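*Asks:* kindly return the folded structure for what I paste below:
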Amino acid sequence: MEKEDEVIMYSEKMMEHFRHPKNMGEIENPDGVGTVGNPICVLPETDIISNPNTIPIYKLNVGDKALSHDGKYHNVTRKFRRNYSAFVIKIKNRLGTTTLTPEHLIYSFKVPKSHTYCYNRNKRKLFKYASWWHSADLEKKDIVIYPIPTDVKDIEYIKINLEKSKYDFRSIDVPKRIKVNKNFMRFVGYFLAEGSTRVQKRKTYTTLTFNINEDGYVKDVVNLVKTMFGLSAKIEKKKKRKTINILIYNVHITRFLINLFGNKAEEKTIPEFMMFLPIKKQAELIKGLWYGDGYIDKKRLRASYSTVSKQLSQQMKTLLLRQKIIPSVYEEKARNSKGVKHKKAYRIYVLETPSLKKLSSILGIDFNFKSKSPCNAWIDKNLLFVPITKTEKQEYSGPVHNLEVDASHSYTTNSLLIHNCGDLMSIYIKVKDNRLEDIKFKTFGCAAAIATSSMITEMAKGKTVDEALKINRNNVADALDGLPPIKMHCSNLAADALHAAIKDYLSKKGKNEKS
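*Replies:* You can find the predicted model right below:
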């Protein structure tokens, strides 16, 4: 994708028409009216990548942030909701599934069906044709483009609240602040994967539970607790359950962990500041998480990580992408197996050899990759390129939602990067002696939509009906000294609105003449 300034910067002429639009308003008793638009939306439960959490679009608020095409988080400035009854497009890839209205624009490119493009090296050459495609135009094997967050904000220390209750005479003091280094981040990973907390009046403590054969991880955690907090953890073996419990009896540490990461396993989440840390620190977080809830299968050449926390699974996806590791994300339904109830879980696989090599390096696992696994996705310049695995057209009736995102005009779902520009444009004309004597517009949309509306009214005013019908999208863009590719559809919309107004006039004229 173009750099941010290339995407959102406009020509001086376009900005002039945006700031000071010509012919804005309505004409009383117009001879013709043309209204066009792409009221684009997604379903209410669509997950939007915010920070630090993934939030269903219907729960997102103005002021929240959404990940945009530039790899940065921008403010949501407006929300839209409407009722919709027609077909929608369900698009699936290895990151998940998003369902959209047919006109919704997705950053992507089409892949020819020629055998030549079965290979990534040839698909990569198609990036120069990347643009905003309507969801209805995309098919299986076409490539969608997904942004990887780029901001880095390092912090050196984090404070621990040492406030005691009135009758607390037993709790041991710990350091007032903890260094946010690789050791701390690895401990955080262990806790998110294997930790639980218990808060009682007389006994508040933290437990980390490992398999009885995971002595190395147990020793690592015990050493980390001693080094960071100055505490001696208790080790408790449960031979019947084949587990080892590490018990940290300290009210301050337990509250500290609850405040940062949540309490229940399905609600665990990584705090916002950790999602911006340098990738070397985040690598230690991945290490602790994977040691606890993941594995690498050397024979089948794949790695897997599982969690019951939806938020944690999406955050792990982001952490891996920042390491240039390509994940596949799957949802496993709740089930009963051999009398044991399993909660709904989220599994992440790492399958391609380049990604497996990076992950194994982080985990300190050394093995030879004698064969290469097939690779159908790639990362380049903080963008993930991933093929569509399935598209499906289905009927839908109910509420749909859209967002206005400050500056970037794009936002990211769990699996797609989509444009938020749903322009609605009306053009009103007054015709005298076969010429457009007056023309005005009303537009609900972005800066480019307003500017193209203004420009086309200036271009059409005074022209004959036939001359006005010949004005096309390229004429409008050229008159504004060009538009960024991301906004070319706006010029198309302006031309369509003008043509619709003229056709409305001709239709009325024909009816009047007949009568």
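
*Asks:* what comes up buried for stretch 61-74?
*Replies:* Neighbour-count burial for stretch 61-74 flags D64, K65, A66, L67, S68, H69, D70, G71, K72, Y73, H74 (criterion: 16 or more other C-beta atoms under 10 Å). Where you see a C-beta, it was placed from the backbone N, CA and C, and this is true even at glycine.

*Asks:* quick one, domains of this structure?
*Replies:* Domain ranges of the chain: 4-38+423-510, 47-150+384-419, 157-381, per automatic domain parsing.

*Asks:* wait, T207 sits on Y190?
*Replies:* No. Using C-beta atoms under 8 Å, T207 is not in contact with Y190, being 11.6 Å away.

*Asks:* the residue nearest the centre of the chain: which element?
*Replies:* Residue closest to the mean C-alpha point of the chain, counted by C-alpha atoms, centre = their mean, is T412 at 2.9 Å. Element membership for T412 (DSSP states H and E) is strand 410-412.

*Asks:* now swap in T391 and tell me
*Replies:* Element membership for T391 (DSSP H and E) is strand 390-405.

*Asks:* and that strand, which residues are buried?
*Replies:* Of all the residues in strand 390-405, those buried under the rule 16+ other C-beta under 10 Å are T391, V400, H401, N402, L403, E404, V405.

*Asks:* now the two most distant members of those.
*Replies:* Greatest spatial distance in the buried residues of strand 390-405: T391 and E404, 26.7 Å, computed using C-beta to C-beta.

*Asks:* low-confidence stretches in the stretch 151-300 of the chain?
*Replies:* Low-confidence segments of the stretch 151-300 of the chain (pLDDT under 70): 164-171.

*Asks:* determine the number of other residues adjacent to the nearest residue to N23 once chain neighbours are set aside.
*Replies:* The shortest distance from N23 to any non-neighbouring residue, by C-beta to C-beta, 6 or more residues apart in numbering, is to T457 (4.0 Å). Residue neighbour count, defined by other C-beta atoms under 10 Å, stands at 25 for T457.

*Asks:* which SS class is T457?
*Replies:* Of the three states, T457 takes helix under DSSP: H, G, I helix; E, B strand; the rest coil.

*Asks:* from I429, how far off is it?
*Replies:* Taking C-beta to C-beta, to the nearest Å as the measure, T457 falls 9 Å from I429.

*Asks:* what residues do those two have in common as contacts?
*Replies:* Jointly contacting T457 and I429 under the rule C-beta atoms under 8 Å, 6 or more residues apart in numbering are I439.

*Asks:* close enough to count as contact, N75 and L60?
*Replies:* No. Counting by C-beta under 8 Å, N75 stays clear of L60, with 11.0 Å between them.

*Asks:* which one of those two is surrounded by more residues?
*Replies:* Neighbour totals were compared for N75 and L60, and L60 leads with 20 against 14 (other C-beta under 10 Å).

*Asks:* am I right that the more buried one is in a strand?
*Replies:* No. Assigned with three-state DSSP, L60 falls outside any strand and is coil.

*Asks:* quick one: it and K79, what's the gap?
*Replies:* Taking C-beta to C-beta, one finds L60 at 7 Å from K79.

*Asks:* and for those two, which residues touch both?
*Replies:* Common neighbours of L60 and K79 are listed as L403 (criterion: C-beta under 8 Å, 6+ apart).

*Asks:* which residues of this protein score low on pLDDT?
*Replies:* 1-9, 38, 164-171, 338-340, 369-374, 421-423, 444-446, 485-486, 489, 511-515.

*Asks:* mind redoing it with 50?
*Replies:* Within the chain, the ranges that satisfy pLDDT under 50 run 1-8, 515.
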